[in-house]
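J.: With the sequence up front, the predicted model follows.
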Amino acid sequence: MSLLDPQAVYALWLRDVKRFVRTPSQVAGTLVFPLMFLVFLGTGFSDAALPGIPAGVEYIQYLVPGIVGFTMLFGASFAGLAILGAQDTGFLKEILVAPVSRTSIVLGWIAGGATTALIQGSLVFLIAIPLGFRVANPLLLPVVAVVLLLLAVTFVGFGVALASQFSDTQGFGLLIQFIVFPIFFLSGALFPLSELPAVAQYLGRVNPLTYGVDALRGALVGASTYPLALDVLALGVSAAVMVAVGAWLFGRVESV
Amino acid sequence: MSAIRTTGLSKRYGETVAVDDLSVTVESGEVFGMLGPNGAGKSTLIGMLCTLSTPTDGEATVNGYDIRSERDAVRDSIGVVFQEPALDEELTAAENLAFHARMYGLSREERRERIGDLLDLVELADVADDPVGEYSGGMKRRLEIARGLIHEPEVLFLDEPTLGLDAQTRRATWRYIERMNDERGVTVVLTTHYMEEADHLCDRVAIVDDGNVIALDTPTTLKAQQGGDMLELGLEGDVVTLTARLEDTPWVESVTATDAGVQVALAGDRTRVPDVVRLADETGVTITAVEVHRPSLETVFLALTGNTIAEAAAEGKQ
């Protein structure tokens, strides 16, 4: 057996995608939060002048990349929940007893979770267009795709790592809420971090979502805090670290 | 070659000893049963043999591969049907099997061919495209047995394969297991706490209690060790004389008086019944009723542990 087994990764990916497509309620459910943020904040603050937002950038333009980033975080972190769900139904045993490396299994989960998160993130974009969102430079859309992918991989890896430390879905679901929202608020998704206390600004700088949202703004709106290359690099590092941590922690799961 | 060989295998969870210094050998091609109450350590043993958990002590090989250092070779050569169903209920039967085939690295041709064959074998071809969530317990079990066989394992582990199934489905499941063993020569290791199941299916049975194997042999030998059949006779007439004559007979172990007649412990089996009838005729005693009790694996378990399997399970839970 090799470290990486493409067919097994494909099997796990295919399973996730099939399950996702067959439960429209789940698709809708994960979109409710982002859409509420988008509609209420986007329209409510449409004429507000927030300090730190570059001149000439409407709030909806500023908000949409943030909400897309949040959708990726929200959708991807719940991929961990799917692992615990598989444990509840016993299906995880079927996966663990197969002659497939733990790394391949984690990559399979990540591929599946990232795909479903990407679909969700793209849906939020599509819905944002009738709300007044405009893409500044369509030539940068491939960069947007790369950023979304790196964000998804980062947070699915994070979800897998967390899930490997839990044995039931309830405690995990609760914890995710406590982690997801601070990551969201400390990412500059809703407002510029420059107005926050220094401690919060430091936390924001080690937050992968900060770079994800900044990169999306850079590519879509043309206004970013950091250079686009730096954002993509930071995301690449965080994705690699999260995959490694997820694979390592999951590899230590002995039995179920 | 032995399919499985364990030497001094132990698993402890803190203070609790689930499997205690177990040494046992399973031969290739046999149906090997582990009979014992819930909590006897059977599932723990299966968990170690299929590499889902690591032994605290001791050694074991499956198909010649070490369960610690050659995990992947072990996983490649075994099929497992767990005690609780381990199917994806949102996928169809065919999709569950395809998932499994991909995880075990089968080519597209092998996958298609074997999925078709196995669905026919377990008679699920008609419902292959229905979500498994709509299946009955028996159908799920059959699907899991089929799945365990797709990658043509050398050894198939079945942990309580008929738990929770009705009598008819249980019989049908037995037939599938027998057919797998006959037609494909796969070694079957199953755990059960149903006496009839061990008796009916297994070439050899290990009786397990408290993490130990306390007896291991063919069901016939195990039962024979418990002595011969027991006759319960209803009698009218000169019972005392008949009792005396029976006691003088070499194939009678003991005779005990009962309300309606006598209880005769035979050294042999029930082929002695005509002889008993002849003796009664000669003594002028009328036989009003005959009942033959054969030793079962339950008798064996009772004799070895002083408990019935149900009692042992109840004790284990406390």
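T.: Noted; the coordinates are in hand.

J.: and residue 119, what does it touch?
T.: You didn't say which chain, so I picked chain A. By Cβ atoms under 8 Å, 6 or more residues apart in numbering or on different chains, the contact list for residue A:119 reads A:20, A:27. Just so you know, the C-beta spots here come from the backbone N, C-alpha and C atoms, and that holds for glycine as well.

J.: meant chain B actually
T.: Residue B:119 touches B:93, B:94, B:97, B:125, B:128, B:146, counting by Cβ under 8 Å, 6+ apart.

J.: Would you mind listing the residues in contact with the second one?
T.: Listed by Cβ under 8 Å, 6+ apart, the contact set of residue B:94 reads B:115, B:119, B:128, B:129.

J.: Once you drop chain neighbours, what's closest to the third one?
T.: Translated: residue B:128. residue B:94 (4.4 Å; Cβ to Cβ, 6 or more residues apart in numbering or on different chains).

J.: Counting neighbours, what do you get for residue B:56?
T.: 14 (other Cβ atoms under 10 Å in any protein chain shown).

J.: Find me the pLDDT at it, would you?
T.: Residue B:56 carries a pLDDT score of 91 in this model.

J.: Next up, the contacts around it.
T.: Contacts of residue B:56 (Cβ under 8 Å, 6+ apart): B:10, B:11, B:12.

J.: what is the last one paired to in the beta sheet?
T.: The one in question is residue B:12. Beta-bridge partners recorded for residue B:12 (DSSP bridges): residue B:17.

J.: Need the pLDDT of it.
T.: The model's pLDDT for residue B:12 equals 89.

J.: and it, how many neighbours does it have?
T.: Residue B:12: 15 surrounding residues under other Cβ under 10 Å.

J.: do the same with the one 5 residues further on
T.: Other residues lying near residue B:17 total 17 when counted by other Cβ under 10 Å.

J.: on that earlier part again, would you mind giving the contacts of residue B:119 as TSV with pLDDT, distance to residue B:186 and secondary structure added?
T.: Listed next are these as TSV, based on pLDDT from 0 to 100; distance: Cβ to Cβ, whole Å; DSSP: H, G, I helix; E, B strand; the rest coil:
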residue	pLDDT	distance to residue B:186	secondary structure
B:93	95	21	helix
B:94	95	22	helix
B:97	95	17	helix
B:125	91	21	helix
B:128	92	22	coil
B:146	88	12	helix
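
J.: for chain A, which spans come out with low pLDDT?
T.: Residue ranges of chain A with pLDDT under 70: A:1-2, A:49, A:55, A:253-256.

J.: what's the burial count for the closest residue to residue B:290 other than its chain neighbours?
T.: Counting by Cβ to Cβ, 6+ apart, the nearest residue to residue B:290 once its immediate chain neighbours are dropped is residue B:233, at 6.0 Å. Neighbour count for residue B:233, taken as other Cβ under 10 Å: 24.

J.: Any idea what residue B:233 is bridged to?
T.: Bridge pairing for residue B:233 - DSSP bridges - gives residue B:262, residue B:290.

J.: which residues in chain B form strands?
T.: Using DSSP state E, the strands of chain B run over B:2-13, B:16-27, B:31-35, B:57-62, B:65-66, B:78-81, B:155-159, B:187-192, B:204-209, B:212-217, B:230-236, B:252-257, B:261-266, B:286-293.

J.: Format those strands as a markdown table; extra columns: distance to residue B:105.
T.: Below are the strands of chain B laid out as a markdown table (distance: least, Cβ to Cβ, whole Å):
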| stretch | distance to residue B:105 |
| --- | --- |
| strand B:2-13 | 22 |
| strand B:16-27 | 26 |
| strand B:31-35 | 27 |
| strand B:57-62 | 19 |
| strand B:65-66 | 17 |
| strand B:78-81 | 14 |
| strand B:155-159 | 18 |
| strand B:187-192 | 22 |
| strand B:204-209 | 33 |
| strand B:212-217 | 35 |
| strand B:230-236 | 55 |
| strand B:252-257 | 59 |
| strand B:261-266 | 57 |
| strand B:286-293 | 53 |
